[in-house]
Structure formats: C-alpha cells, structure tokens
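Student: missing the sequence, but the structure's below:
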C-alpha cells in the first residue's frame, strides 16, 4: 500500500487516497461539509470522500477518546449514532449527527469527529505583523460576531476578548456556502448583510464563507462615532476577518489548509 492511502471500512472496495483540493465536499462519514485535505476514492465516478478525522478510525472500534471539556466522559467511535435518525446532535456545534460520531454512553453526549479534534488554540496573523490568538471555550461569554448572540455552542474567543465566533455559526456558514455553490458559481456574493462568499484561488469559482456586517456593527456599538473611528474600526475588522479565516479552516477539518488563498481578506471592503 502506498503512503497516503488507506483501506477504510466505509468503502472497502477501493483504497482511499489523501488529496489536497480546494473544492468543497460532503464527507461520506460524518455527512458534514469540508474543504481542503480529504481521503478520496480515485476511481472515476465513485466520489467517496472522508475528512482526515473521519478516515482515521480504519476499523472499528478505535481507542476511546477523552475531551477536556467533558473530563468524566469516555467517547467511543460509532459509524452511526444510537437511536432514531435525527434524534442526536453534536454538543460542540449543535448540528444533527447523521453519520460518524464520538458518543459517550454514560452521559449521552455526541461529538462530530472534526469537532472532537478542534484545536484549543488558534493563531491568526493579519498584515503588518498584527495577529490574534483564539481559544476554544465550551460556552460563549460574549456575543458572536456572526449572529450577535451568545448561544450554547462552543466558541472561539480571542485572547484580547474582542472577537468571538461560534463553532455552530461557522458550520451554518459552510452549509450556506455549500447550498450557494450551484446557484452562484462564478457569480457575485451569496447571501445577506452578514454572509458572503469569497472565491478560492484555483477552485473553479467555488466559494467559502466570510464574515460581513456583523463585525463592523459589533465594534461600532461600543460607543463614539463610527465614521470618526473609521480607520481603527477597519483595522479591527481586518484582524477579525483573519481570525474568522483560521476558525473556518479548523472547523472545515483542515486547520492547516491554505484558506489564505481566498481572494481578499474575508471582510467587506
């Protein structure tokens, strides 16, 4: 077997090959959206894709997983969630569990494989040497820059406490982007005052989600004239945009993916 190839129980008829592509895909393991690196069936017309996190459990059962947010839980990998279809949701992002899942039998908690392995610290570097460090929290302590609410989803919050983004909101943006690909491929933005799509270089017109509007309104609401502080606010928006970029890359299942190939800086110019 070649390096970068696996034989996976979800697709035993063909070997899956590790590939780096900029086009979005639907993981055939957890059924969630992804972009960047994935294990893919090279057979024409087969179209079987797995997040790297979903491809790692090559033959169930893999070793149990423990998570610092749930110190008493022991998560076991399941190819299908227990119970009726649509009855389980991920305790990290709040989205339905429709495929591969890490499940705690004692507590009943569930985690998507990508959510279970989210980095606890992310570094986002903007232009001019300015950067921001983000930490993963089990509960939101400030309003999310995308939805404007706290909610119950896991949250990435900056060390300076100026930027927050729900994991759930990132997942929602990914789904909106996925649904918008067919309608807006190669066309302008996809969406609302908060959401838009940015073209990925070399992706044939596919788009990834970006933050718009909400970042500006969040900083403007802190007092003073928005227009009087336009330069400062714009810089804050730029940093927040790069922070969002790093969070999106992590939630996509590929925290090292060069989503920096996105044209623009993930903010409304």
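Tutor: On my side now, so go ahead. Computed from a prediction, not measured in an experiment: that's the story for all the values here.
Student: What sits closest to residue 6 if chain neighbours are left out?
Tutor: residue 16 (5.2 Å; CB to CB, 6 or more residues apart in numbering). For every residue, glycine as well, the C-beta is placed using N, CA and C.
Student: can I assume that neighbour is in contact with residue 46?
Tutor: No - look at residue 16 against residue 46 with CB atoms under 8 Å: they stay out of range, at 9.7 Å.
Student: Between the two, tell me which one has more neighbours.
Tutor: residue 16 (24 against 13; other CB atoms under 10 Å).
Student: Which strand or helix spans residue 172?
Tutor: Mapping residue 172 onto the secondary structure by DSSP states H and E places it in helix 167-184.
Student: err, residue 145, not the other one
Tutor: Going by DSSP H and E, residue 145 is not in any helix or strand.
Student: what's the burial count for it?
Tutor: Using other CB under 10 Å, residue 145 has 26 other residues around it.
Student: element containing the nearest residue to residue 57 once chain neighbours are set aside, please.
Tutor: Here the nearest residue to residue 57 in space, its sequence neighbours aside, is residue 77; by CB to CB, 6+ apart that works out to 4.8 Å. According to DSSP H and E, residue 77 maps onto strand 70-78.
Student: Residues touching that strand, excluding its own?
Tutor: Contact partners of strand 70-78, identified using CB atoms under 8 Å, 6 or more residues apart in numbering, comprise 57, 60-62, 64-67, 100-107, 109, 111, 113, 116.
Student: Can you list the buried residues in the strand ranked longest in the chain?
Tutor: For the chain, the strand that runs over the most residues, judged by DSSP state E, is strand 16-26. Residues of strand 16-26 classed as buried: 16, 18, 22, 24, 25 (neighbour count, 16 or more other CB atoms under 10 Å).
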